[in-house]
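**Student:** with the input below, show me the fold.
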Amino acid sequence: MIQRQYVDLNKIYPKHRIESENYAINRVSLTEDQVKWEKIRNFRDYWYVAGLQANFEYVNLIQKGKGVMMSDTPMERNTNRHFIENANGDVIVFGLGLGMIIIPLLSDENIKSITVVELYQDLIDTVVPFLKPFDTQNKLKVVQGDCFDYTPEKGAKYDTIYFDIWRTICDDNYEEQKKLTRKFSKYVNRDNPKAFSDAWLKSHYQKERAKEKRSGGWW
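**Tutor:** This is a model prediction of the structure:
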């Protein structure tokens, strides 16, 4: 399995707050008590918060009027690890965020190209300049579009398809994740045995639903 490393976003984004029409980017740090509380609150799924540090500056992406869209906290890193370690070939990702899951791929020889589809142009304009220094081989293309309407170019095939569009994630998103993976299944490169299509935490909620069904929790 490929071991790719995340980059601390506080080394990439400036200390001052950045704002666009729909988003803001700032930094946040947690106290010792806040870290303890997060670990208690997530004791059933401790892997969510494994590695969470106090007095460390994490970078937040805030969707105005809705709250935090993403950050580079361990929860985000750990729950995207499957994608980070298995992405290969020609990659398409839906949802730009802060580019946290994109940066580790840009210098990897196993990655031929990365296309990112992002809904908001102002977020693209804000974030992409911070990703460009890592794109030394010109692998990255970011386009404005809605994953529910987006159609790849005729004949396009991808070795990796990944959906990361949700501000918060829970079991309620599972049906939407299945719908998207079905929609784009025809664009998976079937000639590549390592090709895959996935969504953020989709396999986790699939397992949770299976456990619930086995325990008789569904009627």
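**Student:** please name the residues that touch the spatially most central residue of the chain.
**Tutor:** Here the mean C-alpha position of the chain is nearest to the C-alpha of residue 164 (Cα atoms, centre = their mean), at a distance of 4.6 Å. Contacts of residue 164 were listed using Cβ atoms under 8 Å, 6 or more residues apart in numbering, and they are 80, 83, 93, 94, 95, 97, 101, 199, 200. Heads up, the C-betas are built off the backbone N, CA and C, glycines and all.
**Student:** quick check: which element contains residue 24?
**Tutor:** Here residue 24 sits within strand 23-28, counting by DSSP states H and E.
**Student:** and that strand, which strands flank it?
**Tutor:** strand 18-19 (antiparallel), strand 58-63 (antiparallel) (DSSP bridges).
**Student:** and residue 192, what helix or strand is that in?
**Tutor:** Residue 192 belongs to no helix or strand, assigned by DSSP H and E.
**Student:** burial count for it?
**Tutor:** Look at residue 192: counted by other Cβ atoms under 10 Å, it has 15 neighbours.
**Student:** burial measure for the residue lying closest to it once chain neighbours are set aside, as a count.
**Tutor:** In space, and not counting its chain neighbours, residue 192 is closest to residue 159: 4.9 Å by Cβ to Cβ, 6 or more residues apart in numbering. Number of residues near residue 159 (other Cβ under 10 Å) recorded here: 22.
**Student:** and the spatially closest residue to residue 178 that is not a sequence neighbour, what's its pLDDT?
**Tutor:** Counting by Cβ to Cβ, 6+ apart, residue 178 lies nearest to residue 202, which is 7.7 Å off, once chain neighbours are set aside. With respect to pLDDT, residue 202 scores 87.
**Student:** got TSV for the contacts of residue 164, with neighbour count too?
**Tutor:** Listed next are the contacts of residue 164 as TSV, based on neighbours: other Cβ atoms under 10 Å:
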residue	neighbour count
80	21
83	22
93	26
94	23
95	21
97	23
101	28
199	25
200	24
